[in-house]
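Novice: no FASTA, just this:
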């Protein structure tokens, strides 16, 4: 649509003086923004535009990401795409400049969810939770992605709004989350539990996640890291030290795992009702008809890590699986119990 319109304009005004002026200077758009004949940030950087790091190209964006910029003209899309690449590329070595690139993209393409999402994630990783929350919510209004919910909840937690964070964790929308996003929400929820004085429940939750064979190694590693942190904060240093062996093995295996190697659709949190007694079933408000069962597809390598750890004794298997059951049922399990305790 946009290409055909541009072709008609070029044919009609190819030799006109007005077109000559347009090609040599900026043009003010109907929405108040300004368009430039060239938007290449390397060769025609505009006033206020952050300097690009070397070596970035439009082709480095995935096909899906390029599709998300289709609402822009070709030149504008390439400019925004390059700044998004710069924002993510510079996160570690120059976070301030990364944030400038993200803000530029969000300002110049304020109606593009990809640009707002980029600013949200960059701000989130730098601890600017107010800005991150605002941008996550804006992006979610644009595209309806509930995947942002764990990050919005964590932003509220970071700003000290624990009631709001808990409300998001217990929301109807949170109950619909699946796979990787649901695991992320459990980690956030565990943090909220710890922050609200329920350290024991937080430890139980991440303990179960760290031993859940339905979770990929990266998330089990993060859960054990959280468990160790919560134990230390609770003054249970000896127990925290006991996790070192397990944590070392998990970190060696999964600390550098490429996200592209993980298929979010394959991530499940396993249910195993045979280990739940009647009292536990009553507490979580579940019947066997409500349960979902995950296949036992744990790799031999992962099994070896679990079996070798001193932390995982056979006598604990029942408790761990029960806790995993609790963790995956956001709508009926520990969140409701904690909420009742607070009342």
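Specialist: Received the coordinates, thanks. Small disclaimer: the values here were computed from a predicted structure and weren't measured. Numbers count the residues shown, from 1 in each chain.

Novice: for the stretch 51-200 of the chain, what spans make up the helices?
Specialist: Assigned by DSSP state H, counting those that start in this stretch, the helices in the stretch 51-200 of the chain fall at 63-67, 74-89, 95-108, 113-125, 129-143, 149-158, 162-169, 172-175, 179-195, 199-210.

Novice: tell me which of those lies nearest to residue 51.
Specialist: helix 95-108 (7.8 Å; CB to CB). Backbone N, C-alpha and C define where each C-beta goes, glycine included.

Novice: same for that closest one, what does it pack against?
Specialist: Under the contact definition 3 or more CB pairs under 8 Å, 6 or more residues apart in numbering; DSSP states H and E, helix 95-108 sits against helix 74-89, helix 113-125.

Novice: can you tell me which of these is most buried?
Specialist: helix 113-125 (a mean of 24; mean count of other CB atoms under 10 Å).

Novice: tell me which strands and helices it is in contact with?
Specialist: Using 3+ CB pairs under 8 Å, 6+ apart, helix 113-125 sits against helix 74-89, helix 95-108, helix 129-143, helix 149-158.

Novice: ok, for residue 229, nearest residue in space, not its chain neighbours?
Specialist: Excluding its sequence neighbours, the residue lying closest to residue 229 (CB to CB, 6 or more residues apart in numbering) is residue 240, at 7.9 Å.

Novice: repeat that for residue 157.
Specialist: Closest to residue 157 by CB to CB, 6+ apart is residue 165, at 4.2 Å.

Novice: one more: residue 116?
Specialist: Nearest to residue 116 is residue 139, by CB to CB, 6+ apart, at 4.3 Å.

Novice: same check, this time on residue 79
Specialist: residue 39 (3.9 Å).

Novice: sec struct for that neighbour, please.
Specialist: Three-state assignment for residue 39 (DSSP: H, G, I helix; E, B strand; the rest coil): coil.

Novice: so how many other residues sit close to it?
Specialist: Residues lying near residue 39 (other CB atoms under 10 Å) number 22.

Novice: could you check how far it is from residue 194?
Specialist: Here residue 39 is placed at a distance of 47 Å from residue 194 (CB to CB, to the nearest Å).

Novice: for residue 241, see how far away the closest residue in space to residue 137 that isn't next to it in sequence is.
Specialist: Distance criterion CB to CB, 6+ apart; nearest residue to residue 137, sequence neighbours excluded, is residue 152 at 6.4 Å. According to CB to CB, residue 152 and residue 241 sit 35 Å apart.

Novice: more crowded one of these two?
Specialist: Between residue 152 and residue 241, residue 152 has the larger neighbour count (other CB under 10 Å), namely 24 against 12.

Novice: hang on, the more buried one packs against residue 138?
Specialist: No. With contact defined as CB atoms under 8 Å, residue 152 does not reach residue 138; the gap is 10.9 Å.

Novice: mutual contacts of those two, please.
Specialist: Counting by CB atoms under 8 Å, 6 or more residues apart in numbering, residue 152 and residue 138 have no common neighbour.

Novice: shouldn't residue 203 be in contact with residue 234?
Specialist: Yes. Proximity of residue 203 to residue 234 meets the contact threshold set by CB under 8 Å, at 7.0 Å.

Novice: so, low pLDDT: which residues of this structure?
Specialist: 1-38, 256-343 (pLDDT under 70).

Novice: how about the residue nearest to residue 229, what does it touch?
Specialist: 228-229, 231-232.

Novice: now swap in residue 200 and tell me
Specialist: Here residue 200 is in contact with residue 234 (CB under 8 Å, 6+ apart).

Novice: run a quick neighbour tally on residue 65.
Specialist: Neighbour tally, residue 65, other CB under 10 Å: 14.

Novice: how close does it sit to residue 115?
Specialist: 11 Å.

Novice: joint contacts of these two?
Specialist: residue 84.

Novice: so residue 80 is in contact with residue 118, correct?
Specialist: No. With contacts defined as CB under 8 Å, residue 80 does not count as touching residue 118, sitting 9.1 Å away.

Novice: list the residues that contact both of the two?
Specialist: By CB under 8 Å, 6+ apart, the residues touching both residue 80 and residue 118 are residue 105.

Novice: report the buried residues of the host helix or strand of residue 248.
Specialist: Assigned by DSSP states H and E, residue 248 belongs to helix 244-254. Residues 246-247, 249-250, 253-254 are the ones in helix 244-254 that count as buried (16 or more other CB atoms under 10 Å).
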